[in-house]
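Visitor: just coords:
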């Protein structure tokens with residue numbers, strides 16, 4: 001078994017100067033008083049980001065892997081608002097960090113099973129130390145110490161929740177457990193307009209299963225006075241088909257969509273660990289008439305980073321979906337249909353022209369695009385090539401990626417294709433005319449270049465000497481390079497040089 005590393009010194013990189021001074025005071029490096037108060041929200045986000053980055057160094061991002069997010073308790077075992085808020089923020093960071101690994105935060109999963117991310121909150125007089133640990137089968141793989149400056153607000157968040165105090169009867173015990181464990185789901189019947197009253201305790205999740213005997217439009221929704229989230233999975237899948245947490249009814253969640261034959265699992269959870277209370281889950285079949293059959297707008301209006309959804313597109317009814325990412329960065333959008341040619345475009349919501357035409361081939365059943373998602377909202381539109389096509393299901397995935405960085409130094413980089421597409425970032429320090437060369441093992445390769453962060457495509461012109469190369473006049477800055485080789489094998493080689501350079505790149 002791999003030996004555990006010693007915990008590193010407290011993280012100070014990127015923290016406010018006042019917080020760094022506070023840490024120095026605690027460590028005995030200065031006697032200067034610290035009076036400024038920390039931005040607690042920003043500090044919680046900083047701790048959550050560091051915890052997710054630590055997990056990414058130890059846990060493989062793969063479908064067969066589950067990472068359990070344990071409760072963040074104090075060293076005396078108290079459940080506090082500070083620990084719960086750090087844990088919820090960490091959960092969001094993990095969802096944007098891992099695209100395949102299942103993140104599980106249910107209290108029923110044993111800590112000794114698989115990978116676990118936990119944290120211990122250690123209050124001191126002037127700081128709160130958060131000790132983050134990644135474990136596998138109860139053995140420590142790695143750890144991190146992060147210090148937060150003590151303040152009146154932090155002290156208040158360290159008070160144990162009233163529902164945890166001895167003798168307090170406000171905390172309900174969920175008598176329906178273990179309905180949050182796979183295999184113990186509450187069965188529902190689509191044909192009978194199911195209505196089930198349940199309750200959520202803090203940190204709880206309830207699971208329901210139902211069978212769709214044929215392609216059917218269903219409506220499933222939660223009525224509650226608390227803030228809930230509703231997830232829908234195909235049985236056995238780790239990524240949800242659809243998610244909703246903001247139905248117009250206060251606290252409610254609702255999904256309405258067309259499902260293919262098969263078994264499905266619905267999960268009801270609170271928006272965070274502090275949510276608890278009763279709710280009612282409804283499940284019904286929607287009559288397949290022209291007036292009531294779900295149209296594409298009845299599908300989830302957005303797809304979040306890390307999600308994979310089953311959606312619908314018709315010959316005369318394109319599917320529009322908003323792309324939502326919690327952090328700016330590079331993402332891949334992957335649309336797959338079975339037996340139907342599709343095309344895909346990405347644009348700003350109010351734009352009249354697409355920002356990116358992501359279609360790889362006119363008859364492709366799969367379209368993949370790489371793009372930078374920043375502060376401005378983006379919308380993807382998926383359409384069938386045939387205007388007479390029937391309503392068809394297709395799968396849409398939206399995942400975060402980490403393209404390799406390239407420089408115009410003539411060095412060839414090997415990129416692995418996914419769905420016929422690979423990407424890299426290019427950093428330039430001087431304005432000049434640059435040439436790119438790409439080589440696939442078994443077929444032709446094409447290339448598109450986009451300026452960052454506005455994703456403006458920069459067209460190339462044929463090279464004066466080599467027909468298979470293109471030149472571009474580029475300014476200093478960063479660029480996203482998309483390499484397309486639908487039949488070019490598993491990998492391609494790409495290199496960049498100045499057009500007047502004597503370096504022979506790939507020939």
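Guide: The structure has been received and is ready for your questions. These numbers were taken from a predicted model, which means no experiment stands behind them.
Visitor: wait, what's in contact with residue 115?
Guide: Residue 115 makes contacts with 55, 58-59, 65-68, 134-136, as judged by C-beta atoms under 8 Å, 6 or more residues apart in numbering. Glycine gets a C-beta too; all of them are placed from N, C-alpha and C.
Visitor: now the helices for the protein?
Guide: Taking DSSP state H as the test, the helices found in the chain are 17-26, 40-58, 81-97, 152-157.
Visitor: okay, angle between the third one and helix 40-58 too, please.
Guide: Direction vectors for helix 81-97 and helix 40-58, defined by axes from the mean of the first three to the mean of the last three C-alpha atoms, to 10 degrees, enclose an angle of 50 degrees.
Visitor: how distant is helix 81-97 from the center of its chain?
Guide: Using C-alpha atoms, centre = their mean, to the nearest Å, the mean C-alpha position of helix 81-97 is found 13 Å from that of the whole chain.
Visitor: tell me the one of the contacts of residue 115 nearest residue 446?
Guide: residue 65 (34.9 Å; C-beta to C-beta).
Visitor: check what pLDDT that closest one gets.
Guide: You'll see residue 65 listed with a pLDDT of 88.
Visitor: where does pLDDT dip in the stretch 151-300 of the chain?
Guide: 160-183, 237-239, 246-251, 287-300 (pLDDT under 70).
Visitor: before we move on, the earlier item: please indicate which of the contacts of residue 115 are buried?
Guide: 55, 59, 66-68, 134-136 (16 or more other C-beta atoms under 10 Å).
Visitor: okay if I get those residues as JSON lines plus distance to residue 233?
Guide: Output for these, formatted as JSON lines (distance: C-beta to C-beta, whole Å):
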{"residue": "55", "distance to residue 233": "22"}
{"residue": "59", "distance to residue 233": "21"}
{"residue": "66", "distance to residue 233": "14"}
{"residue": "67", "distance to residue 233": "17"}
{"residue": "68", "distance to residue 233": "18"}
{"residue": "134", "distance to residue 233": "26"}
{"residue": "135", "distance to residue 233": "26"}
{"residue": "136", "distance to residue 233": "25"}
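Visitor: how about the strands of the stretch 401-507 of the chain, start to end?
Guide: With strands called from DSSP state E, counting those that start in this stretch, the stretch 401-507 of the chain shows them at 404-407, 413-416, 421-428, 432-440, 446-451, 456-457, 461-462, 470-474, 477-484, 491-498.
Visitor: pLDDT (mean, whole number) over the fifth one?
Guide: It refers to strand 446-451. 86.
Visitor: could you list the low-pLDDT ranges of the stretch 301-450 of the chain?
Guide: 352, 359-363, 419, 440-444.
Visitor: same thing but 90
Guide: By pLDDT under 90, the weakly predicted segments of the stretch 301-450 of the chain are 301-330, 332-343, 345-379, 383-395, 397, 399-424, 427-431, 435-448, 450.
Visitor: least confident of the buried ones among the contacts of residue 115?
Guide: residue 136 (84).
Visitor: who does the nearest residue to it once chain neighbours are set aside form a beta bridge with?
Guide: The shortest distance from residue 136 to any non-neighbouring residue, by C-beta to C-beta, 6 or more residues apart in numbering, is to residue 115 (5.4 Å). Beta-bridge partners for residue 115, by DSSP bridges, are residue 67, residue 136.
Visitor: tell me how many other residues crowd residue 193.
Guide: For residue 193, the tally of surrounding residues (other C-beta atoms under 10 Å) stands at 11.
Visitor: dihedrals phi and psi, it?
Guide: phi 50, psi 70 (degrees, to the nearest 10).
Visitor: quick one: residues contacting the closest residue to it other than its chain neighbours.
Guide: Nearest-residue entry for residue 193: residue 284, 4.5 Å, with adjacent residues in sequence omitted and distances by C-beta to C-beta, 6+ apart. By C-beta under 8 Å, 6+ apart, the contact list for residue 284 reads 190, 193-194, 218-220.
Visitor: which one of those sits in the busiest neighbourhood?
Guide: residue 220 (26 neighbours).
Visitor: would you confirm that that one contacts residue 280?
Guide: No: using C-beta atoms under 8 Å, residue 220 is not in contact with residue 280; the gap is 11.7 Å.
Visitor: picking up where we left off before, reformat the strands of the stretch 401-507 of the chain as JSON lines; add mean neighbour count.
Guide: Below are the strands of the stretch 401-507 of the chain laid out as JSON lines (neighbours: other C-beta atoms under 10 Å):
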{"stretch": "strand 404-407", "mean neighbour count": "15"}
{"stretch": "strand 413-416", "mean neighbour count": "15"}
{"stretch": "strand 421-428", "mean neighbour count": "20"}
{"stretch": "strand 432-440", "mean neighbour count": "21"}
{"stretch": "strand 446-451", "mean neighbour count": "19"}
{"stretch": "strand 456-457", "mean neighbour count": "13"}
{"stretch": "strand 461-462", "mean neighbour count": "10"}
{"stretch": "strand 470-474", "mean neighbour count": "17"}
{"stretch": "strand 477-484", "mean neighbour count": "20"}
{"stretch": "strand 491-498", "mean neighbour count": "21"}
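Visitor: format the ones you listed as CSV; extra columns: distance to residue 366.
Guide: Formatted as CSV, the strands of the stretch 401-507 of the chain follow (distance: least, C-beta to C-beta, whole Å):
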stretch, distance to residue 366
strand 404-407, 23
strand 413-416, 16
strand 421-428, 10
strand 432-440, 18
strand 446-451, 17
strand 456-457, 21
strand 461-462, 29
strand 470-474, 25
strand 477-484, 12
strand 491-498, 18
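Visitor: and of these, who's closest to residue 263?
Guide: Here strand 421-428 is closest among the strands of the stretch 401-507 of the chain (C-beta to C-beta), at 32.6 Å.
Visitor: check which helices and strands the closest one sits against.
Guide: strand 329-337, strand 366-373, strand 404-407, strand 413-416, strand 477-484, strand 491-498 (3 or more C-beta pairs under 8 Å, 6 or more residues apart in numbering; DSSP states H and E).
Visitor: contacts for that strand next, please.
Guide: Contacts for strand 421-428 (C-beta under 8 Å, 6+ apart): 330, 332, 360, 368-370, 401, 403-408, 413, 415-416, 434, 449, 452, 474-485, 491-492, 494, 496.
Visitor: let's see 7 Å
Guide: 368, 370, 401, 403-408, 413, 415-416, 474, 476-484, 492, 494, 496 (C-beta atoms under 7 Å, 6 or more residues apart in numbering).
Visitor: kindly report the same for stretch 261-278.
Guide: Stretch 261-278 has contacts (C-beta under 7 Å, 6+ apart) with 84, 87-88, 172, 185, 197, 199-203, 205-215, 220, 222, 224-235, 245, 279, 281.
Visitor: of these, buried ones?
Guide: By neighbour count, with 16+ other C-beta under 10 Å, the contacts of stretch 261-278 hold 84, 87-88, 185, 199-203, 205-210, 212, 220, 222, 224, 226-234, 245, 279, 281 as buried.
Visitor: now, these that are in strands?
Guide: 199-200, 205-210, 212, 220, 222, 224, 228-234, 279, 281 (DSSP state E).
Visitor: what sits against residue 88?
Guide: 272-273.
Visitor: against residue 463, how distant is it?
Guide: Residue 88 is 53 Å from residue 463, where distance means C-beta to C-beta, to the nearest Å.
Visitor: can you list the domain ranges for the chain.
Guide: Using automatic domain parsing, the domain ranges for the chain come out as 17-164, 186-285, 300-400, 404-498.
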